[in-house]
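Enquirer: sequence first, predicted model second:
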There are 2 protein chains.
Amino acid sequence: MAEPRRRNRSATRQRLLEAARHRFAKEGYEAASVRDIAGDAGVDAALVFRYFGSKKGLFEEAAAARTPTTPLDGPPEELPARLLHSLLFEDWSAYAGEHPLVAMLRSSAHDEARDHLREELCGTYVRALERLSDAPDAALRAELFSAWMLGIGVLRSVVGTPAISAATPQDLAPHLAAVASALFDRPVLGTPPPPPEATDHPGSPG
Amino acid sequence: MAEPRRRNRSATRQRLLEAARHRFAKEGYEAASVRDIAGDAGVDAALVFRYFGSKKGLFEEAAAARTPTTPLDGPPEELPARLLHSLLFEDWSAYAGEHPLVAMLRSSAHDEARDHLREELCGTYVRALERLSDAPDAALRAELFSAWMLGIGVLRSVVGTPAISAATPQDLAPHLAAVASALFDRPVLGTPPPPPEATDHPGSPG
DNA sequence: CCCAAAAGTCATCGGTCGATGACTTTGTAC
DNA sequence: GTACAAAGTCATCGACCGATGACTTTTGGG
């Protein structure tokens, strides 16, 4: 009933946004052309301007798609492990294989991208992490840990340094615990959380 | 004798390289145009192709200019502080105000830039840092610390998060010592080294 | 069936890009 | 002082960019 429609405004919009996320993440804002993005989506480039007004508008809407913030929930002593695990080992194939924050660095000459990066980092990561410390410089500690996570993501998926690229969650866990405990001056777990992949039959009414 | 020459090939080459470092650092490889770079250097854009063959050749030669590696020398327990201090508080005005490694992330969609980043990070930073640990995963520890430094640089000069942007060397010192000591499993100093800015009249040898 | 609106395409504009080669200016050796 | 080579400029090319508006195709209601 709803399937024989081949012309579908919202579906085409979504395909354009998806293609834009890929291209912007892989090539950066300047190098990604509207024609290429529209080609990936299988439509004409003129539709980009009809739907998003300009290339900039397309970028903003593509970047505005929030990254899931589920790793924020859970016990505080697991939060650093949760965040790092999400950044490194979640499936970010929709963003050319990199976490959006890492991919966005390629467009960091673009003001919109910088603002988006800062808002996402400060509003989400730092805000959650700074609760781990009671020290007066809790915000600095939270930013320092965010910097570490972002740096690990960069070295892993952008620069491709050998040890971090090959590291498994188990390899990182002890160092994560040590660094986070030192930075927040309290015990922090390093084991990555496996909550989404629950067992098939928990046996209880969850 | 050698000064009344106003047309000077090597001097013009250097001016072009300097302008290129600025533009590539600030705008990224794609967004920086040969015409703008040549304009900054005060010459015609055609000289870029005469001297460097192509825009890519200009980028490679501009990026190949080594960043000074003096912070590598000194006692090992000071090495992390030395590196971080150099990355954050040295005068990088020749690279648009950012450490070359941080600025190069803007061009990270370019293969040459990625290779250069990896070589510089692994060949210089990781190689020096991994001597701080005797553990079998010393390389991973060194990469993790390099990731932290790079991330701090990114948050400070690219993203501009408030706490790290406002932090002084003294603010960072205790956290640097804590994190480095935890990561390398040995005491590491957090105080930044002030060797280059010696007092005006030391008055005593050594 | 017909038609209007929506969805998508096409041709094209002005501008800029990297790159090339002919041309002009400058310094210098004879 | 003149000729020659180096240093630098200028005009221009083809390609691609973002963007626009007229055009064509599809969809769905009467």
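Expert: Yep, it's here.
Enquirer: for chain A, which helix is longest?
Expert: helix A:9-31 (DSSP state H).
Enquirer: hmm, the helix or strand that it is followed by touching DNA strand D?
Expert: Next helix or strand after helix A:9-31 toward the C-terminus (DSSP states H and E): helix A:34-41. Yes - residues of helix A:34-41 are located near DNA strand D by Cβ under 7 Å from any atom of the strand, namely A:34-36. (Glycine included, C-beta is placed from N, CA and C.)
Enquirer: among those, who's most crowded?
Expert: Most neighbours among the residues of helix A:34-41 next to DNA strand D, by other Cβ atoms under 10 Å in any protein chain shown: residue A:34, with 19 neighbours.
Enquirer: re the thing from before, of all the residues in the longest helix of chain A, which ones are buried?
Expert: The neighbour-count check on helix A:9-31 (16 or more other Cβ atoms under 10 Å in any protein chain shown) flags A:12-13, A:15-31 as buried.
Enquirer: go on, stretch A:91-98?
Expert: Under 16+ other Cβ under 10 Å, the buried positions of stretch A:91-98 are A:92, A:95-96, A:98.
Enquirer: with stretch A:73-92 instead?
Expert: Of all the residues in stretch A:73-92, those buried under the rule 16+ other Cβ under 10 Å are A:77-88, A:92.
Enquirer: which single one of the residues you listed is nearest to DNA strand C?
Expert: Closest approach between the buried residues of stretch A:73-92 and DNA strand C, by Cβ to the nearest atom of the strand: residue A:92, at 27.0 Å.
Enquirer: residue in chain A nearest to chain B?
Expert: residue A:151 (2.8 Å; Cβ to the nearest Cβ).
Enquirer: would you map the helices across chain A?
Expert: So, for chain A - with DSSP H - the helices run A:9-31, A:34-41, A:46-52, A:55-64, A:79-89, A:100-104, A:111-120, A:127-129, A:138-154, A:162-166, A:169-184.
Enquirer: quick one: closest of these to residue B:124.
Expert: Residue B:124 lies closest to helix A:162-166 among these, at 14.9 Å (Cβ to Cβ).
Enquirer: quick one: buried residues of that closest one?
Expert: Of the residues in helix A:162-166, those buried by neighbour count under the rule 16+ other Cβ under 10 Å are A:163-164.
Enquirer: any idea of the mean pLDDT for that helix?
Expert: Mean pLDDT, helix A:162-166: 98.
Enquirer: so what's the residue count around residue A:118?
Expert: Neighbours of residue A:118 (other Cβ under 10 Å): 18.
Enquirer: separation between it and residue A:168?
Expert: 31 Å (Cβ to Cβ, to the nearest Å).
Enquirer: then residue A:159?
Expert: 19 Å.
Enquirer: neighbour count for these two, which is higher?
Expert: Just comparing residue A:159 and residue A:168: by other Cβ under 10 Å the higher neighbour count belongs to residue A:159, 28 against 10.
Enquirer: please tell me the pLDDT value assigned to the more buried one.
Expert: 96.
Enquirer: then residue A:117?
Expert: 95.
Enquirer: surely residue A:125 touches residue A:142?
Expert: Yes - contact criterion Cβ atoms under 8 Å: residue A:125 and residue A:142 qualify, at 7.5 Å.
Enquirer: before we move on, the earlier item: just the buried residues of helix A:9-31 that are near chain B?
Expert: A:26-28, A:30-31 (Cβ under 8 Å from any Cβ of the partner chain).
Enquirer: pick out the most distant pair among these.
Expert: Every pair of these checked by Cβ to Cβ; the farthest is A:26 and A:30, at 12.7 Å.
Enquirer: what angle sits between the longest helix of chain A and helix A:111-120?
Expert: 110 degrees (axes from the mean of the first three to the mean of the last three Cα atoms, to 10 degrees).
Enquirer: could you confirm whether helix A:9-31 reaches DNA strand C?
Expert: Yes - Helix A:9-31 is in contact with DNA strand C by Cβ under 7 Å from any atom of the strand, via A:9, A:11-12.
Enquirer: ok, residue A:25 - contacts?
Expert: A:95-96, A:98, A:100, A:103-104, A:106 (Cβ atoms under 8 Å, 6 or more residues apart in numbering or on different chains).
Enquirer: give me that answer again for 10 Å
Expert: Listed by Cβ atoms under 10 Å, 6 or more residues apart in numbering or on different chains, the contact set of residue A:25 reads A:32, A:62-63, A:92, A:94-100, A:102-107, B:109.
Enquirer: enumerate the residues of chain A near DNA strand D.
Expert: So far as Cβ under 7 Å from any atom of the strand goes, chain A lies against DNA strand D at A:4-7, A:32-36, A:45-46, A:49, A:53-56.
Enquirer: please redo it, this time with the cut-off set to 6 Å
Expert: Applying Cβ under 6 Å from any atom of the strand, we find that chain A lies next to DNA strand D at A:5-7, A:33-36, A:46, A:49, A:54-55.
Enquirer: buried ones among the residues you listed?
Expert: By 16+ other Cβ under 10 Å, those give A:34, A:36, A:55 as buried.
Enquirer: in CSV: the residues you listed, plus distance to residue B:179 and pLDDT.
Expert: Output for those, formatted as CSV (distance: Cβ to Cβ, whole Å; pLDDT from 0 to 100):
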residue, distance to residue B:179, pLDDT
A:34, 43, 98
A:36, 42, 98
A:55, 41, 98
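Enquirer: domains in chain A, by residue range?
Expert: Annotated domains of chain A cover A:9-64, A:70-184 [automatic domain parsing].
Enquirer: distance to residue B:176 for the ones you listed - can I get that in TSV?
Expert: TSV is the format used below for the domains of chain A (distance: least, Cβ to Cβ, whole Å):
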stretch	distance to residue B:176
domain A:9-64	31
domain A:70-184	9
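Enquirer: of all these, which lies closest to residue B:132?
Expert: Per Cβ to Cβ, nearest to residue B:132 of the domains of chain A: domain A:70-184, 13.5 Å.
Enquirer: that closest one vs DNA strand C: in contact?
Expert: No - Domain A:70-184 does not reach DNA strand C (Cβ under 6 Å from any atom of the strand); its nearest approach is 13.4 Å.
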